[in-house]
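# Please work out how this folds:
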Amino acid sequence: MNTLQHTQIKGLFDTSIELPSLIDEIPLGIVVLDTQRQIMLINRTFEALSGFSMEDARGIPCFHILRTKLCMQKCPLKKMDSNSESISVESDIINKERELIPVLINLSPIKDAEGNLTGFLETIEDLRPLKEVDAKTQQAYGFRHIIGKSREMTRLFQTVPLVAQNDSAVLITGETGTGKDMLAEAIHQASNRAKGPFVKINCGALPETLLESELFGHQKGAFTGAVENKPGRFRLAHNGSLYLTEIGDLPLPLQVKLLTFLDDKVVYPLGSAKGFQADVRVIAATHRNLDLMVREGKFREDLMFRLNVVRLHLPPLRDREDDIRLILDHFINIYATRFQKDINGLSKKALKILLDYPFPGNVRELRNILEYAVNICPRGQIQFTHLPAYLSETKHHFDRSMSEAGEASEWTASFAKSNSEQSSQKTWASLERDMIIEALVKSKGRRNKAANMLGWGRSTLWRKIKKYKIDA
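Just a heads-up that it's a prediction; the model follows:
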């Protein structure tokens, strides 16, 4: 289509019956616009790509149908006239099914025989077939570096591309380790701010006085130790995104200052009466229940409303059973490549242990487990012996671990023996819980001593106390 002369295109417009049938034969998406950038004609290839029919699109402004990053930025057609050259740019579109599709877009002016501008021609080439096989697989089961195919994650992947295209505040919720940081960065990378900075700050990592300076900056001499001007994270994130992780830990006085910024987009550094207009998109995340914190007076309700324009929730891994095997394979491939090892999956026993494990640390814990296992495994399949030791502390492995581990004391063996008759009537979880309570009673609540009695590490005992909700 690009080889057609503009005079020929004008001639084609004069034969309205022939033009649609001609462009339907072209294996590229074709969109013909008038001078107001309203759609006059689309071909079948574009209908299939976008999901919109000719009846849906006719007379509609281009950006409502094409829906690309270009539309959210400065549309190149606004500056195009009869003397302009054709433009070719790689972008993406969001189709009617809310799928993000990489495309190559060519934009050209259409002129009549006298050289007057009569409209515009857009060709859209689907780039998906040209992508790497791995990239296509990841697109099918995820968004950016976030993997999943469960119903909850699929719904999230459909929503994120739409959310990324605007500047509304986003609140990401989810337990620790679910991937909130990755989702925040994915939103930034998919937005029209991708070329700008992505600045992160943990609201719970600094005391209030230092956190205010980190966020808003300060002028030289604003307080003792302020020997030079400091720009602050808001200013550093200008034309980009600021990610406020653990927003639930933000002190109340700074919540007021953040709310003020969200209202007027002006940053006032400490010690300065002169503000800076910061063009920043705010993305916040927390593992806390902000609704409960609002009721308890620990978080401002008005700030909650301002941050909660778009809320995205990442479910815990225990609620994503369909995703665990997919994520396991993903991380095995990553670490096998990184460590240059010939690893070809998990043994049946190792796989069963991982599929049965509740993953209280979510995806972060799973990733760490696989990094450790690939490091330890020399080659071939990852065996259960290559997994971290705490994963095999189950009823199936309890007798074996007691006989092999010298750390397991006589008391532990004695307890197991004395409860052998009852244990047949109990679940392993209830027996293990009783054993922990007994050890804590005998050690008078001293966890180090209780852990030694059980033959466990202190962190293992702490985790199991939390798991069984033991008040110790």
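# Please, which helix or strand holds Leu312?
According to DSSP states H and E, Leu312 maps onto strand 310-314.
# Run through the neighbouring helices and strands of that strand.
On a contact count with 3 or more CB pairs under 8 Å, 6 or more residues apart in numbering; DSSP states H and E, strand 310-314 meets helix 151-164, strand 170-174, helix 180-189. Placement of C-beta: from N, CA and C, glycine included.
# 10 Å - rerun?
helix 151-164, strand 170-174, helix 180-189, strand 280-286 (3 or more CB pairs under 10 Å, 6 or more residues apart in numbering; DSSP states H and E).
# Give me the residues contacting stretch 373-387.
Outside stretch 373-387, the residues that touch it by CB atoms under 10 Å, 6 or more residues apart in numbering are 328, 331-339, 341-354, 357, 369-370, 372, 388, 391-392, 396-397.
# would you put the C-alpha positions of that stretch in PDB?
The C-alpha coordinates for stretch 373-387 follow below in PDB (Å, rounded to 0.1, in the frame of the first residue of the first chain):
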ATOM      1  CA  ALA A 373      18.100 -25.900  44.500                       C
ATOM      2  CA  VAL A 374      19.600 -25.200  41.100                       C
ATOM      3  CA  ASN A 375      22.800 -24.100  42.900                       C
ATOM      4  CA  ILE A 376      23.000 -27.400  44.900                       C
ATOM      5  CA  CYS A 377      21.900 -29.800  42.100                       C
ATOM      6  CA  PRO A 378      24.900 -30.800  39.900                       C
ATOM      7  CA  ARG A 379      22.900 -31.900  36.900                       C
ATOM      8  CA  GLY A 380      19.700 -33.700  35.800                       C
ATOM      9  CA  GLN A 381      16.600 -33.500  37.900                       C
ATOM     10  CA  ILE A 382      16.400 -31.600  41.200                       C
ATOM     11  CA  GLN A 383      15.900 -34.200  43.900                       C
ATOM     12  CA  PHE A 384      14.200 -33.500  47.300                       C
ATOM     13  CA  THR A 385      17.600 -33.600  48.900                       C
ATOM     14  CA  HIS A 386      18.500 -30.500  46.800                       C
ATOM     15  CA  LEU A 387      15.600 -28.500  48.400                       C
END
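# Which of the residues in that stretch are classified as buried?
Ala373, Val374, Cys377, Ile382, Phe384, His386, Leu387 (16 or more other CB atoms under 10 Å).
# same deal with stretch 319-330?
Buried residues in stretch 319-330 (16+ other CB under 10 Å): Arg320, Asp323, Ile324, Leu326, Ile327, Leu328, His330.
# Just the ones in helices from the contacts of stretch 373-387, please.
328, 331-338, 348-354, 369-370, 372, 396-397 (DSSP state H).
# So how do I select the buried members of those in ChimeraX?
Of the ones in helices among the contacts of stretch 373-387, the buried ones go into a single ChimeraX selection, burial set by 16+ other CB under 10 Å:
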select :328,331,332,335,336,349,350,351,353,354,369,370,397
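# re the thing from before, sort out for me which of the buried residues of stretch 373-387 are in strands.
Ile382 (DSSP state E).
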